[in-house]
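Participant: need coordinates for the below:
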Amino acid sequence: MSVATTTSGSLPRTAALIEANAARSLADDGFTLLSTPEFETLTAQAVADVVERQRAAGVTLVGDGEFGKAMSNAVDYGAWWSYSFQRVSGLSLTEINAFNEPPVRSEPGAIRLTSFLDRRDRQRFPVVYAEAVEAGRTATAFPTTTGPLAYRGQDAVASDIRHLTAALRPGEQGFLTAIAPGSAARVRNDYYATDEEHIFAWADALREEYRAIVEAGLILQLDDPSLAENFDQISPEPSIADYQAFTKIRIDAINHAIAGLPKEQVRLHLCWGSWHGPHTTDIELKDILPVVLQANVGSISFEAGNVRHEHEFGAWADAAVPDDLVLVPGVVSHATNVVEHPELVAQRIRRFTDIVGADRVIASTDCGLGGRIHPDIAWAKLETLGAGARRA
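Facilitator: Numbers count the residues shown, from 1 in each chain. Presented below is the predicted three-dimensional model:
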């Protein structure tokens, strides 16, 4: 019996799906993409195909590849995040430069997020980021919270659920991703009095999406790279104690948003950001794990194949890991075009089965593979993931 396998969400979209998405019309707000029956049909077939392809590669807990999440050209910060702007009211588009101005915030220890363009890793490698990041950025505007946040994505999440459940076999489990409150709240706030109030407003708004996914019998994956990635976006570098207090607010918001949901159906995904960069200013796993483990979730997905963090598997052995927590380590990485050997994948998996047992490990990808590497390489990595899990 092989170790269970999954992905962390995003998978390569087909050319037809990319072209159809680019042709969608925008709503009056300037960033919400309108759907059509024809697009729904195309998406349903694409999800069915990507689910079947995951099975063929050896993935046992399948997802929809995030095919139901899309971004407009006005806001190109990744569909995993920007999709939420289309499902929550209370947001307005502002000029991109406005995000560089100090937003309304109040943080423990006077910690404050700076602009995405002011990351400390970017400051250390300005030429690298100028060539690799700016060349691919086309956004001219950014969402700002200008009114009370409320969920309006009922039809969109119902579509995601419908497409995935239709692709599943009887008794087969599947998962859908949704952004966590702390990551969703990384927009300018011109309405709420404090940053904490803003984050909890996102938690209240997104709770409806979370509940819909779980009540459909699916696994809910909460995407929250902000838990680790925010550290690089605070200048000067904060103390670990201050950053833990800062992060605790985001964990509390998750627990608030999922209160009453069965935790075995909730998976938390954390990472250090999937962009291809040096990542020399990432926080160490051991410094955030005590806070992350306070999340009331059944499993945690994290990067364990990324060369900047692969060595940190020992932090799980040293931590107070709950007896019922399932670990979902990434054992193939989006950060390299090299396809991992199945034996290396098996070795990475064994590091975690040795800590918590094979029944509490689901082998996965570090982050989403869609858009980070060539589609052919992405699928080769999923095949080696399946092969490595069988070896392990």
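Participant: quick one: the strands in the protein?
Facilitator: Ranges of strands in the chain, per DSSP state E, are 4-5, 62-63, 88-95, 141-151, 174-179, 188-189, 219-223, 266-269, 299-303, 326-332, 362-365.
Participant: closest one to L164 among those?
Facilitator: strand 174-179 (5.1 Å; CB to CB). To be clear about C-beta, it is placed using only N, CA and C from the backbone, and glycine gets the same treatment.
Participant: on contacts alone, who are the packing partners of that closest one?
Facilitator: strand 62-63, helix 79-82, helix 154-167, helix 195-215, strand 219-223 (3 or more CB pairs under 8 Å, 6 or more residues apart in numbering; DSSP states H and E).
Participant: in a markdown table: the ones you listed, plus mean neighbour count.
Facilitator: Converted to a markdown table, the helices and strands packed on strand 174-179 look like this (neighbours: other CB atoms under 10 Å):
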| stretch | mean neighbour count |
| --- | --- |
| strand 62-63 | 26 |
| helix 79-82 | 23 |
| helix 154-167 | 18 |
| helix 195-215 | 21 |
| strand 219-223 | 24 |
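Participant: between the ones you listed, which gets the lowest average pLDDT?
Facilitator: Note on the helices and strands packed on strand 174-179: helix 79-82 shows the lowest mean pLDDT, a mean of 82.
Participant: returning to what we had before: quick one, which of the strands of the chain is nearest to D49?
Facilitator: Closest of those to D49 is strand 62-63, at 11.7 Å (criterion: CB to CB).
Participant: adjacent strands (with direction) for that closest one?
Facilitator: Strand 62-63 has its sheet partners listed here by DSSP bridges as strand 174-179 (parallel).
Participant: how far off centre is the strand it pairs with?
Facilitator: Relative to the centre of its chain, strand 174-179 is centred 9 Å away, using CA atoms, centre = their mean, to the nearest Å.
Participant: quick check: mean pLDDT of that strand?
Facilitator: Strand 174-179 carries an average pLDDT of 98.
Participant: which outside residues touch that strand?
Facilitator: Residues outside strand 174-179 that contact it (CB atoms under 8 Å, 6 or more residues apart in numbering) are 6, 9-10, 51, 61-64, 66, 69, 80-81, 83-84, 157, 160-161, 164-165, 167-168, 206, 209-210, 213, 218-224, 267, 269.
Participant: by how many degrees do that strand and strand 219-223 diverge?
Facilitator: 30 degrees (axes from the mean of the first three to the mean of the last three CA atoms, to 10 degrees).
Participant: ok so, going back, any idea which of the helices and strands packed on strand 174-179 gets closest to Q45?
Facilitator: Of those, nearest to Q45 by CB to CB is helix 154-167, at 9.1 Å.
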